[in-house]
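K.L.:
Let me see the structure of the following:
(chains A and B)
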Protein chains: 2
Amino acid sequence: MPQLRLALAQVNPCVGDIVGNATMIADRCREANAAGAHVVVFGEMALTGYPVEDLVLREGFVAGSVQALQTLATRLAQDGCGELAAVVGYLDSDTHGPRDAAAVLHRGQVVARQFKHHLPNYGVFDERRYFIPGTTLTVFRLHSLEIGMVICEDIWQVSGPITALAQAGADLVVAPNASPYERAKDDTRLALVARRAIEVGAPLAYANLVGGQDELVFDGDSMVVGGHGELLLRAPQFTEQIVTLDLDLPGGSDRAAGRFAGLDVRRVILADDPLPAYSPAPAPPAAEPLPDEAEVWGALVTGLRDYTRKNGFRSVVLGLSGGIDSAVCAALAVDALGADAVHGVSMPSSYSSVHSRTDAADLAERTGLHYQVQPIGEMVEVFVRQLGLSGIAEENVQARCRGVTLMALSNQHGHLVLATGNKSELAVGYSTIYGDAVGGFAPIKDVPKTAVWSLARWRNELADKRGETPPIPPNSIGKPPSAELRPGQLDIDSLPDYGLLDQVLDDYVQGDRGFSDLVAAGFAPELVESIVRLVDAAEYKRRQYPPGTKITLKAFGRDRRLPITNRWRERGLTD
Amino acid sequence: MPQLRLALAQVNPCVGDIVGNATMIADRCREANAAGAHVVVFGEMALTGYPVEDLVLREGFVAGSVQALQTLATRLAQDGCGELAAVVGYLDSDTHGPRDAAAVLHRGQVVARQFKHHLPNYGVFDERRYFIPGTTLTVFRLHSLEIGMVICEDIWQVSGPITALAQAGADLVVAPNASPYERAKDDTRLALVARRAIEVGAPLAYANLVGGQDELVFDGDSMVVGGHGELLLRAPQFTEQIVTLDLDLPGGSDRAAGRFAGLDVRRVILADDPLPAYSPAPAPPAAEPLPDEAEVWGALVTGLRDYTRKNGFRSVVLGLSGGIDSAVCAALAVDALGADAVHGVSMPSSYSSVHSRTDAADLAERTGLHYQVQPIGEMVEVFVRQLGLSGIAEENVQARCRGVTLMALSNQHGHLVLATGNKSELAVGYSTIYGDAVGGFAPIKDVPKTAVWSLARWRNELADKRGETPPIPPNSIGKPPSAELRPGQLDIDSLPDYGLLDQVLDDYVQGDRGFSDLVAAGFAPELVESIVRLVDAAEYKRRQYPPGTKITLKAFGRDRRLPITNRWRERGLTD
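P.N.:
Reported below is the predicted structural model:
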């Protein structure tokens, strides 16, 4: 039986940085080659980064991708990696329009191409806006093995490429992916890859990207599943890495090109000689999927780190209120960038509790971040007196003086400002636009309040296990949440208990369930009505909120597109 | 020859207000009926408003639309409009999924349905995200006339419904539309409708919506074009109105259902008796398309008025700097809402010129808006002193104290804040985020600076012609633009001449032209490089900018979707 050493390259490209990404791919190919791999598979559009959005509409960008692919092929041969078959995701175009493509580079040439068939146009995806779907399949022959290619969404759909490959026959299928992280998606993925491998009757090698791109985080979790559905290899999440595996494949079947399941299947021969015998290495142990909190924490750290670095910032600044949200954001920032890159500012007003300052100072001491106190009393006083403010106007001026303070420190020192709001607040509009909502990035934008608490507890326990100081002050975790914009104010005065609120939000926002569904699920009609009203009315605030890492099935942002001007109320016609 | 009195109902629904829209449609049907019309045609999704975006994903919303359509049919018969055939755009769904649909209501029943075939998924449109395309056509017979239906994009595409109707034969085609305003689109539309009418060989009746919905304005411009391409009727832009026309149609051909141009064509008989003879009325004179500035002004007034009213605001507040942008925004607001609903605030700093105050006061006097002066010196001084600010940080604090002031007045008095930035500034990032960029709506967000000047001159000339006081101070039009954030500062110190800047922006932003194209067009390479760099770097600011009326082919917003994290630079691979 021929053997094949397969490498999956789990890489972190930067969108638009075609030159830098090409260099990174070449480096990883050398690494795979040195490890004795015969085939290396990169993620979807690894050469351009993903998603490139409307850059697809620029002719120069498309031409840049195609040109860089050719240059890369030449370079790999010059680097002594010519015998390695590199499967690289990139942006192509032909007479029909732009294509989400993968190419095989071998012996200095681009020897085969595959276009993506199924173009997702739901959730965060707009691929029908950009790409023309592929209608043919290419199978390449390397050392008497036939290797099929499918791209990302092509394995999420039953019809098309997978069925055609099952009928046409292949010894191995490789699948470049750019699959964004969502909680618990890794479980779904393994089951899916296994099902498709069984359908084709051959191993399926799934290579995902890692790293953050605006609101998305690609979590890696690359894997190989055998033709009976058995997991053969699994790479860790959130880590740039090459993993290799020796496969025992039957091979040697000389299959015909032709039409299968309605698709034309082409065969391309790269090298037809059988591989010389070599000693296989034992498969590396499959990475264990991370437990829920660790996985979410990893996604949040990755998203924050990559947004900061890829946008050229070296440091961040954030307000520290002594509360749980800012404490968790600070701990994430310290994990992502190191304590020396994190600047925390306590901005007490006359309504601030003593513990708001002591808890913030405690956080600074635990984490080692840079800490300063900037009282806002004098600023607020001028606005309130000059403009004659009271009530909500006076409350909001406090939050806005804090926003101006953070932005001034950002302008003066070059820090990226972090907004510390959580998903529950963003949902019901419990934030001050241009106040606590200012920032270039919002690390916990998609984390419900109840999950913020769980993450804080988990992170502290992790520190305990490691014999380190837990970063988050226990008092920040334990005390009742308050915006502290008027004397004695507590969140619970304006909002339902967060446990209940998050349940309703989960069904309404993530589940798109309507009023009657929510009531049927057991929630009190008045509760549902008031929450739904708050969520609908806060749409204009969400539009101006900074980007933040998506971790749920439906994040606010491109995932959930609702009009601001919208008179639909869930009760609707009976109003 | 039978005659048919056709009415086009150019209406302004509100997204989500199914009950209110149904009432409005019923009122308009009574009006058409009273005018003796036999058929009345409403715009695309007039019942739900357009675009409803992710409301399509809510089962209750879809059910609400379908139920309201049935109720409307019953109500029309009860109102004595049963003999009128009303063609109403609405949201439907069947076993395949949601449909962008039009229905014929007649004698108390929903008697025919048509689904949209071509689903635009470019520019501002995401219809492949929501709808399943139609694959059949319905032609209804009324008084021995055969009337075909197509929806919006179906007439922008050559293939499909139009070809099928040309082959199947029809005496008249009606086309409910929701076609957003863009400069000079009316010229394109007439030519297109004429071409399709000639292709079918029958009159084509095009009914568009009017009114604003977030960033879109529907401009009306409904029309009927005869089978030889001759314009028979044209409704004015931006006006809610019913227009009627008596058509001489051959009729009487008893055509067969069947398959034409690959589509199944159904025939539905509503009433087969010929119409009793009646005296036709002369066609109303076709509305003249508005000249460019008048048309743009009309779109901006409509967009601002509808955003304000449909979101429940009665008044607006904006900063008046004495400059051209805030003066034009104030004049638009006065035209949209009346002077009594407009509150202008001069917020001078120590760097403000004398004319910044006198010109703002002059504007207030000319327009009659409410005016107040709130110096920001004391506020700024506290921030600068306490935080030790200098340079850009000090400049931005001034803009941000103005932002906090406007938001405080909004919170205290319930006004909607208007952001007064123009498209050129937004393109190159020449604005302070959370400073002059604060607001719920940005009336001239999509208006290039050079067009702002033209509009100001045009509006003043219009006032002259009408014997009214020109609203905009001539000094605001004539003086060189300045942000006045440091002594003697002029825009021209940091930016190219606006005439040149707007030309490059037009090619780069609207035309998606790359570096080499721009240089080939005659722009200096250094100029192109610096402008492109500014535009790319300002993406994060634009994401947090308020919505504003789209008037160009490509507005910032859903029209232009670019990543924030983006290392592509136009020069790209040669860097």
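K.L.:
Which residues are in contact with A:R30?
P.N.:
Shown in contact with A:R30 (CB atoms under 8 Å, 6 or more residues apart in numbering or on different chains): A:D79, A:G80, A:C81. Using the backbone N, CA and C atoms, a C-beta is placed for each residue, glycine as well.
K.L.:
can you rerun that using 10 Å?
P.N.:
The neighbours of A:R30, taking CB atoms under 10 Å, 6 or more residues apart in numbering or on different chains as the test, are A:L76, A:D79, A:G80, A:C81, A:L84.
K.L.:
Next: A:K445.
P.N.:
A:215, A:300, A:303, A:419-423, A:425-426, A:439, A:542, A:545-551, A:555-557 are the contacts of A:K445 under CB under 10 Å, 6+ apart.
K.L.:
Considering the contacts of A:R30, which possesses the most neighbours?
P.N.:
A:L76 (26 neighbours; other CB atoms under 10 Å in any protein chain shown).
K.L.:
do you know how far that one is from chain B?
P.N.:
18 Å (CB to the nearest CB, to the nearest Å).
K.L.:
quick one: which helix or strand includes that residue?
P.N.:
If you go by DSSP states H and E, A:L76 is part of helix A:59-78.
K.L.:
Kindly confirm my reading that A:S326 is in a helix.
P.N.:
Yes - assessed with DSSP: H, G, I helix; E, B strand; the rest coil, A:S326 lies in a helix.
K.L.:
That one reaches A:S476, doesn't it?
P.N.:
Yes - A:S326 sits in contact with A:S476 when judged by CB atoms under 10 Å, with a separation of 8.3 Å.
K.L.:
ok so, going back, just name the closest of the contacts of A:R30 to chain B, please.
P.N.:
A:L76 (17.6 Å; CB to the nearest CB).
K.L.:
At the contact with chain B, which residues of the stretch 151-300 of chain A appear?
P.N.:
A:G212, A:Q213, A:D214, A:E215, A:L216 (CB under 10 Å from any CB of the partner chain).
K.L.:
Burial check on the third one, number of neighbours?
P.N.:
Using other CB under 10 Å, A:D214 has 28 neighbouring residues.
K.L.:
OK, contacts around it?
P.N.:
Neighbours of A:D214 in contact, by CB under 10 Å, 6+ apart: A:15, A:51, A:53, A:124, A:303, A:306-307, A:310-311, A:441, A:547-550, A:557-558, B:539-540, B:543, B:563-566.
K.L.:
nearest spatial neighbour of the residue in the stretch 201-350 of chain A positioned nearest to chain B, skipping sequence neighbours?
P.N.:
Residue nearest to chain B within the stretch 201-350 of chain A (CB to the nearest CB): A:K310, separated by 4.7 Å. In space, and not counting its chain neighbours, A:K310 is closest to B:T565: 4.7 Å by CB to CB, 6 or more residues apart in numbering or on different chains.
K.L.:
Quick one: name whatever helix or strand follows the worst-scoring helix or strand of chain A on mean pLDDT.
P.N.:
Taking mean pLDDT, DSSP states H and E as the measure, the helix or strand of chain A with the lowest value is helix A:491-494, at a mean of 86. Per DSSP H and E, the first helix or strand lying C-terminal to helix A:491-494 is helix A:498-505.
K.L.:
Show me the contact partners of that following helix.
P.N.:
In contact with helix A:498-505 (CB under 10 Å, 6+ apart) are residues A:422-428, A:430, A:448-453, A:481, A:491-492, A:495-497, A:511, A:513, A:518, A:521-524, A:527-528, A:530-532, A:534-535.
K.L.:
Selection in PyMOL covering whichever of the residues you listed are buried, please.
P.N.:
Typed into PyMOL, the line below selects the buried ones among the contacts of helix A:498-505, using 16 or more other CB atoms under 10 Å in any protein chain shown:
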select buried, chain A and resi 422+423+424+425+426+427+428+430+448+449+450+451+452+453+481+491+495+496+513+518+523+528+531+532+534+535
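K.L.:
and chain B, which of the contacts of helix A:498-505 contact it?
P.N.:
Within the contacts of helix A:498-505, those near chain B by CB under 10 Å from any CB are A:R513.
K.L.:
That'll do, ta.
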